[in-house]
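# Sequence first, then the predicted structure, then my questions.
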Amino acid sequence: MAKDSITLIDNRTGKSYEIAISYGIYPLDGAAIRASDLRQVKVSEDDFGLMSYDPAFMNTASCQSRITFIDGDKGILRYRGYPIEELAERSTYLETAYLVLYGELPTQAQLDKWVHDITYHTIIHENIKKFMDGFHYDAHPMGMLVSTVAALSTFYTDAKHIFDAESRKTQTYRLVGKMPTLAAFAYRHSLGRPYAYPDNDLSYTGNFLNMLFKMTEVKYKPDPILEKALDVLFILHADHEQNCGTNAMRCVGSSQADPYCAVAAAAAALYGPLHGGANEAVLRMLGEIGSKSKVPEFVKKVKAGEGKLMGFGHRVYKNYDPRAKIIKRIADEVFEVTGKNPLLDIAIELERIALEDEYFIKRKLYPNVDFYSGIIYQAMGFPVEMFPVLFAIPRTSGWIAQWEELLLDGEQKISRPRQVYLGEDTRTYIGIEQRETGKTGPTSPKRAA
């Protein structure tokens, strides 16, 4: 009997089965069995075999990846092995994006070419502008972004050559380069302002701020502190392992759809309030609390089950989210430029009380990345509708990296999870005249008199 295995005994039949255990780079954290090995556990020859039932993938690994490592219990996040703290302090977003996509930090020559190729793919086709003009004035910026990213598929038909490495590289330049432009144009459309074109003399985040906020000035000059803060925020959001958006990217990508459609699917997942809209919920909560003095009363209500503590806790992190610590540090620099967001004092007091309260400590509810990011975005002048858009721009590099890893993984097939069927067994069709009222599906509503 192999040491790295488990033995299952099926009490229905008395049979035992030996199933191999495989490991990730951290054996205690990454041990797994192959779900397909459970198929051999059968009651009879015509039995389908045993399946694992795991709603929401709470304990199921859908892939093997070399991109991002998270240890939620210890509060660790690394891209390609590099701690997020070091990247946030010393790197830039585009350098980090290169790392996430290609596995190594670039040389100076590689970085210069990468930045050049991204910069010169920021312009979008004029017909995309016309497409955007068709949206209603109050269209949500994220809805516009999802739609226009998908529309790029019809402009770049060469993107369908997904197994051509050069084609994938070109689509990467286009997606990483054009996402800020699409996002900024969606924002300008929502305000009824004319579109501001990219400025190739500016950095990635500086150019994004230019396209967002440029008015009548001939040359927009972004504030260097805000430019750097946004760059750090982009680094923190570049990838985050197999979350809902990434899972959507991989699922759609597994059908061999082009990357624009797959990114649109990932962005659509991010559009949901449980994924990309969490920092908006934090702002709403802080606004409802109203003042620092009312924080103890709010905490008391949360403990009594009369409210929710938004921005605390995480599906993966059972410790302080490392990204939240970094964001908290850069908040002071941002507020020196913008003026302090009045919600900050409430947030700091809420964090202080929660981290000292046994109720929250026992439940491992620590601040996550959304707790402070919304406050910073709001201080920089972004409306809450733009928050998920600001998430989608940097996450594009991670999505593409995950998509390409999927394509090149020989074990991957089109995504098609199993189900546990709980419906009716075989039934005989009954004519409509013989069916009893009330035993079929919903009936048409009665017309008003």
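Structure's in. What do you need?
# Please parse the chain into its domains.
Following automatic domain parsing, one gets these domains for the chain: 5-57, 66-415.
# which phi and psi does Glu297 have?
Backbone torsions of Glu297, given as degrees, to the nearest 10, read phi -60, psi -40.
# I'd like the average pLDDT over stretch 305-319.
The predicted model assigns stretch 305-319 a mean pLDDT of 84.
# How far away from the center of its chain is it?
Remark: stretch 305-319 is offset 17 Å from the chain centroid, using Cα atoms, centre = their mean, to the nearest Å.
# Only the buried residues of it, if you could.
Buried residues in stretch 305-319, counted by 16 or more other Cβ atoms under 10 Å: 309-314, 316-318. To be clear about C-beta, it is placed using only N, CA and C from the backbone, and glycine gets the same treatment.
# Report the separation between the two terminal residues of it.
Here the two ends of stretch 305-319 are set 22 Å apart, with distance taken as Cα to Cα, to the nearest Å.
# Name the residues that touch it?
For stretch 305-319, the external contacting residues (Cβ atoms under 8 Å, 6 or more residues apart in numbering) are 70, 72-75, 241, 243, 278-279, 281-282, 284-285, 298-299, 301-302, 321, 350, 354, 360, 363-368, 370-372, 374.
# would a markdown table of the domains of the chain with distance to Gln434 be doable?
Below are these laid out as a markdown table (distance: least, Cβ to Cβ, whole Å):
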| stretch | distance to Gln434 |
| --- | --- |
| domain 5-57 | 34 |
| domain 66-415 | 42 |
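# now, of those domains, which is deepest in the fold?
Here the criterion is mean neighbour count by mean count of other Cβ atoms under 10 Å, and of the domains of the chain the winner is domain 66-415, at a mean of 19.
# just to revisit the earlier point, going by mean pLDDT, which of the domains of the chain comes out lowest?
Across those, the lowest-scoring stretch is domain 5-57, with a mean of 88.
# Could you point out which of the domains of the chain sits nearest Thr426?
Each of these was scored for nearness to Thr426 using Cβ to Cβ, and the closest is domain 5-57 (16.2 Å).
# distance between that closest one and the chain's centre?
Chain-centre distance of domain 5-57: 30 Å, with Cα atoms, centre = their mean.
# Quick check: end-to-end length of that domain?
For domain 5-57, the first-to-last residue distance is 23 Å (Cα to Cα).
# just stretch 255-263 next, same as before
In stretch 255-263, first residue to last residue: 13 Å (Cα to Cα).
# Show residues contacting that stretch.
For stretch 255-263, contacts defined as Cβ under 8 Å, 6+ apart pick out 149-153, 156, 159-160, 162, 168, 171-172, 175, 249, 252-253, 396, 399-400, 403, 407, 414-415.
# Now intersect the residues you listed with the helices, please.
With helices defined by DSSP state H, the entries of those inside them are 149-153, 168, 171-172, 175, 249, 252-253, 396, 399-400, 403, 407.
# now, among the buried residues of stretch 305-319, which is nearest to Gly206?
Minimum distance to Gly206 across the buried residues of stretch 305-319 is 28.4 Å, recorded for Gly311 (Cβ to Cβ).
# re the thing from before, the domains of the chain: which one's closest to Arg427?
Closest of these to Arg427 is domain 5-57, at 21.1 Å (criterion: Cβ to Cβ).
# Work out the gap between stretch 388-403 and the centre of the chain.
Relative to its chain's centre, stretch 388-403 lies at 7 Å (Cα atoms, centre = their mean).
# just stretch 184-195 next, same as before
How far stretch 184-195 lies from its chain's middle: 24 Å, per Cα atoms, centre = their mean.
# before we move on, what about stretch 384-402?
What separates the centre of stretch 384-402 from the centre of its chain is 7 Å, taken as Cα atoms, centre = their mean.
# Repeat that for stretch 170-184.
In terms of Cα atoms, centre = their mean, the gap separating the centre of stretch 170-184 from the centre of its chain is 17 Å.
# and what of stretch 427-439?
47 Å.
# Let me see the mean pLDDT of that stretch.
Averaging pLDDT along stretch 427-439 yields 85.
# From Tyr372, how far out is the nearest residue to Gly339 once chain neighbours are set aside?
Counting by Cβ to Cβ, 6 or more residues apart in numbering, Gly339 lies nearest to Ala379, which is 7.4 Å off, once chain neighbours are set aside. Per Cβ to Cβ, to the nearest Å, Ala379 is found 11 Å from Tyr372.
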